[in-house]
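*Asks:* turn this into a structure:
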Amino acid sequence: MARFGLALAFAGLAAFAVIGPVAAAESPKFEIDASWPKPMPKNWILGQIGGIFVDPKDDTIWITQRPRTVNDRDKRAQRGDKSICCFTAPSVIQFDRQGNVLQAWGGPETAKGFDWPQNEHGIFVDYKNNVWFGGNGENDGMIVKFTHDGKFLMMIGKSAPQTNSKDETRVGRAADMIVDPATNELYVSDGYFNHRVVVFDADTGKFKRTWGAYGKPPTDEKITYDAKVLPQQFNNPVHGIRMTNDGKVVVSDRGNNRIQVFEKDGKFIREYPVLRDSTAPGVTGSTVFWPDKDQSYWFTSDDPNGQIHILRKSDGVVVGDFGRVGRGPGEFENLHNIAIDKDGNIYTAEVQGQRVQRFNYKGGLTPIAK
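*Replies:* Below is the predicted model of the structure:
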């Protein structure tokens, strides 16, 4: 398979993808923006980043971060030491395109009358401006819904010992979610304990349907990664979920190094294995789409190799990648989730790295209609 490699040019803090014969004549280029995000107010510091999402309505960038993972040294001022830094940021933060904090809210201490997730995971802003996220802590079995400015609206599930992938009342360490504006249905990639996609009504939380890999009824059998075998069920975690412009549900089966595509009713359409023969599991963490009309290229996050892979939608061929493991600008210590804006700029969220980064698109892919 033809591939194109990576040249990191840190003189300009740029990461360039060098293209091979399977792609376009011009090389796609993504350049790290070391000025993004801007310094946060109040000497805030981030913990692990659980989710990242670009709201297509206004191109603002939302993250969930994990206040409980900020260590004592990093919150010396918060403890009362004679230090100007630091104070733990709220769990949910909204940034503008320039990287300024627009608003921030939430955290375990703010929960009144509902269970705050032990470990914040995923984030989605729906067509009604509601904000959703869940958790992947040991007892996290909920998805929570808030207004745009952080007022609690609803919880699906609860904090309690895990059950199984047939449970219609809760989730099991869910990873991510989307809301379909055409049907007002919430789709959940479920997750770190369960092995399924599960769908609820986004207003009432009523269970609608569920499915596993290939559209089969989900099971909780333990899957061991094998590069030569495509398992008939999802592995843990069932990590990323997004919906294409034409209403296809795209699931990132991270533990099996593949992306599966479904109709809204769970009917299996196709799958894209990614680097199955050449690397450890974990290369399909989250998947986002190039913002041209046909969403011609898909991007997926690879944690073990610290890369973002670019797939051609038409046949699933990996036509490029960029990034590497590291702690410098443009590198990834623990690449978790990715997002993309209307101009093709890529935003990345790291767990152990405890940071977000932006890669500015500099040309080379299908033109985006304005």
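*Asks:* okay, CA-based contacts and neighbour counts for the rest of this
*Replies:* Will do.
*Asks:* what's the separation between T204 and E185?
*Replies:* 10 Å (Cα to Cα, to the nearest Å).
*Asks:* again with L275
*Replies:* 32 Å.
*Asks:* quick one on the thing from earlier: of T204 and E185, who's got more company?
*Replies:* Set side by side, T204 and E185 show more neighbours around E185, with 21 against 11, by other Cα atoms under 10 Å.
*Asks:* ok, that one - contacts?
*Replies:* Neighbour list for E185: V179, V199, F200, D201, A202 [criterion: Cα atoms under 8 Å, 6 or more residues apart in numbering].
*Asks:* check whether the second one really touches Y187, as I assumed.
*Replies:* What it means is V199. Yes - counting by Cα atoms under 8 Å, V199 touches Y187, with 4.6 Å between them.
*Asks:* gap between the two ends of stretch 177-196?
*Replies:* End to end - Cα to Cα - stretch 177-196 spans 12 Å.
*Asks:* what's the answer for stretch 107-126, then?
*Replies:* 20 Å.
*Asks:* give me the mean pLDDT for that stretch.
*Replies:* Averaged over stretch 107-126, pLDDT sits at 96.
*Asks:* before we move on, what about stretch 328-341?
*Replies:* Here the average pLDDT along stretch 328-341 is 97.
*Asks:* and it, how far out from the chain's middle?
*Replies:* Here the centre of stretch 328-341 is set off from its chain's centre by 10 Å, with Cα atoms, centre = their mean, to the nearest Å.
*Asks:* can you pull the buried residues of it?
*Replies:* 329-341 (16 or more other Cα atoms under 10 Å).
*Asks:* then stretch 223-243?
*Replies:* 225, 227, 233-243.
*Asks:* endpoints of it, how far apart?
*Replies:* Using Cα to Cα, the two ends of stretch 223-243 sit 26 Å apart.
*Asks:* can you show me the strands along the stretch 251-370 of the chain?
*Replies:* When assigned using DSSP state E, counting those that start in this stretch, the strands of the stretch 251-370 of the chain occupy the ranges 258-262, 268-273, 287-289, 297-302, 307-312, 318-322, 335-340, 346-350, 356-361.
*Asks:* repeat for the stretch 1-150 of the chain
*Replies:* 6-9, 14-17, 29-32, 44-45, 48-55, 60-66, 87-88, 92-95, 101-105, 120-125, 131-135, 140-146.
*Asks:* could those strands go into TSV alongside mean neighbour count?
*Replies:* Shown next, in TSV, are these (neighbours: other Cα atoms under 10 Å):
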stretch	mean neighbour count
strand 6-9	15
strand 14-17	22
strand 29-32	23
strand 44-45	18
strand 48-55	26
strand 60-66	26
strand 87-88	22
strand 92-95	22
strand 101-105	16
strand 120-125	27
strand 131-135	28
strand 140-146	25
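*Asks:* of all the ones you listed, which one is nearest R76?
*Replies:* Closest to R76 of the strands of the stretch 1-150 of the chain is strand 87-88 (Cα to Cα; 7.7 Å).
*Asks:* same for the closest one, what does it pack against?
*Replies:* Strand 87-88 sits against strand 44-45, helix 76-79, with contacts defined as 3 or more Cα pairs under 8 Å, 6 or more residues apart in numbering; DSSP states H and E.
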